[in-house]
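1. Here is a sequence together with a model predicted from it:
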Amino acid sequence: MNPEIQTFEPFSMEYEDLSFESALLALRNRRGLVALDSAGGRPADYSWIGFDPIDLPPGLTGIEDLRPLMARYGLDQEKSSTIPGPFKGGFIGALAYDLGVHGEDQDLPAEPWAMPEIVGGIYTTFLVFDHRANKVTLVFDGNIRIEPDLKAILKDLEFDRSPQEVAVGNLQRHTSSEEHQGRIETSREEIAAGEYYQVNLAHRFTASMQGDPLDLYMKLRISNSAPYCGFMAFEDGSLLSSSPELLLSYNGEQVFTRPIKGTAARFEDPERDRQSRESLLKSEKDRAELAMIVDLERNDLGRIAQTGSVRVDQFPELETYTRVHHLVATVRALPKPEIDAIDLLHALFPGGSITGAPKLASMDAIARLEGEGRGFFTGSLGFLSFDGSACFNIMIRTAIWRPTGDGRGEISFRVGGGITHASNAKEEDQETLDKAAGLIDAWS
């Protein structure tokens, strides 16, 4: 064993009657608190709560910088077999959209809040919630976890906690409906001119807030529950994500991505809701939009996949969430033997569903038409496990919080949608508001 490699020797203990909500609130004051949360939808196999991480080194500027960081750690394979689920300790963090495409010299604008482009840490202390077996496991590193600290963790988890109240001010829309529709019409003209086929355009809301962002997240995960929700506290900010979209899932053998394209509103009336679903499934525009992105993802995966291994599951699939229906497709591949999880991130990031096609041309259009960096919006939150597996969402339906002093803060979120030549600007603008409804209800 290389003496410079630190081996993670996990020890674990099982819990009974410990809810995800209670545990997350009980650990609110722990440094580097993070949750990867299967709050609703499918799959809902596992959730994780991590805390007290090993900090990232300063100066990370790209996804490739995570490779030497992960190489510093080994894994006790025998002991790790006791950990439920695919995460066996490792990096948990968020990657900003503005990192761009690996290996490309892109001139992307600055994000207004000047947030970092990579946040997170190396997590060897975490809770695993196995939703299938209804089991909770506390995992910690036997090499470094000292008994008094373990006792403190156990004491934190002894009592149920309840969310605290938060107060959110009036939302400010930074791009008017008229301006957003004008951007859409410009993109339609550029599509007609052959500059690109599809582009994802978004606009931003902000609001003042009083209270803890974790308490706002507890409301968000209910009002807009989804399979790839997440919360991450970092220096000078927090991420609150209620994303239904998967960028990649990799188990060391097979990788798949699940792009979303096509949205229809939910209705309380069952008949209206059924009509909304059927209309979405029959929509030629939405099916064509999804087909374009599936082709892009097939190409992205094809560059790192074994010959003939890229395939698409049933097309399209309809997924129903708290506020909207979506069209989804699953694209799978078997990576070449020399490919690892970071190579897969290089190939897929940022997700084609939130850029457009071709990816570089659509990202240039986004930068020009939106006029500001996106930060973590449409970036990815997830993990790189010590055993080589990985899972990352796409951070749509995601809010960012930053402190402004005196116990107050400010939240920001963006909503957008895919634009093709067949798009109707007014309808596309309304679709962004349908997507925003789950976030707005969380703090209204």
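-> Yep, it's here.

2. rest of the way, CA atoms for contacts and neighbours
-> Noted.

3. now the helices for the chain?
-> 20-26, 66-71, 77-80, 147-156, 177-192, 213-223, 270-282, 284-302, 341-348, 359-370, 425-443 (DSSP state H).

4. now the fifth one and helix 425-443, what's the angle there?
-> Spelled out, it's helix 177-192. Counting by axes from the mean of the first three to the mean of the last three Cα atoms, to 10 degrees, helix 177-192 lies at 130 degrees to helix 425-443.

5. In helix 177-192, which residues are buried?
-> 180, 181, 183, 184, 185, 187, 188, 190, 191 (16 or more other Cα atoms under 10 Å).

6. Kindly report the same for the shortest one.
-> Of the residues in helix 77-80, residue 80 count as buried by neighbour count, 16+ other Cα under 10 Å.

7. okay, it in CSV with CA atoms only?
-> Extracted C-alpha coordinates of helix 77-80, given in CSV (Å, rounded to 0.1, in the frame of the first residue of the first chain):
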residue,chain,number,x,y,z
GLN,A,77,-13.2,-3.3,0.4
GLU,A,78,-14.2,-5.9,3.1
LYS,A,79,-15.4,-3.3,5.6
SER,A,80,-17.1,-1.2,2.9
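
8. avg pLDDT for that helix?
-> Throughout helix 77-80, pLDDT has a mean value of 88.

9. buried set for stretch 261-278?
-> For stretch 261-278, by 16+ other Cα under 10 Å, it's 261, 262, 263, 264, 265, 266, 273, 276, 277.

10. what's the closest of these to residue 157?
-> Taking Cα to Cα as the measure, residue 157 lies nearest residue 266 of the buried residues of stretch 261-278, at 37.3 Å.

11. residues near the closest residue to that closest one other than its chain neighbours, how many?
-> Counting by Cα to Cα, 6 or more residues apart in numbering, residue 266 lies nearest to residue 324, which is 4.9 Å off, once chain neighbours are set aside. Counted with other Cα atoms under 10 Å, residues neighbouring residue 324 total 22.

12. so what's residue 98 up against?
-> With contact set as Cα atoms under 8 Å, 6 or more residues apart in numbering, residue 98 has these partners: 108, 111, 117, 373, 374, 375, 376, 379.

13. Looking at the helices of the chain, spot the one closest to residue 411.
-> helix 213-223 (8.8 Å).

14. roughly how far apart are the residue nearest to residue 266 and residue 239?
-> According to Cα to Cα, to the nearest Å, residue 324 and residue 239 sit 22 Å apart.

15. Quick check: residue 317 touching residue 331?
-> No: counting by Cα atoms under 8 Å, residue 317 does not reach residue 331; the two are 11.7 Å apart.

16. neighbour count winner among these two?
-> residue 331 (22 against 14).

17. what sits opposite that one in the beta ladder?
-> With DSSP bridges applied, residue 331 shows beta-bridge pairing to residue 257, residue 312.

18. okay but it is in contact with residue 311, surely?
-> Yes: Residue 331 lies in contact with residue 311 (Cα under 8 Å); the separation is 5.8 Å.

19. Now the common contact residues for those two.
-> Common neighbours of residue 331 and residue 311 (Cα under 8 Å, 6+ apart) are residue 298.

20. on that earlier part again, for the buried residues of helix 177-192, which two are the farthest from each other?
-> 180 and 191 (16.5 Å).
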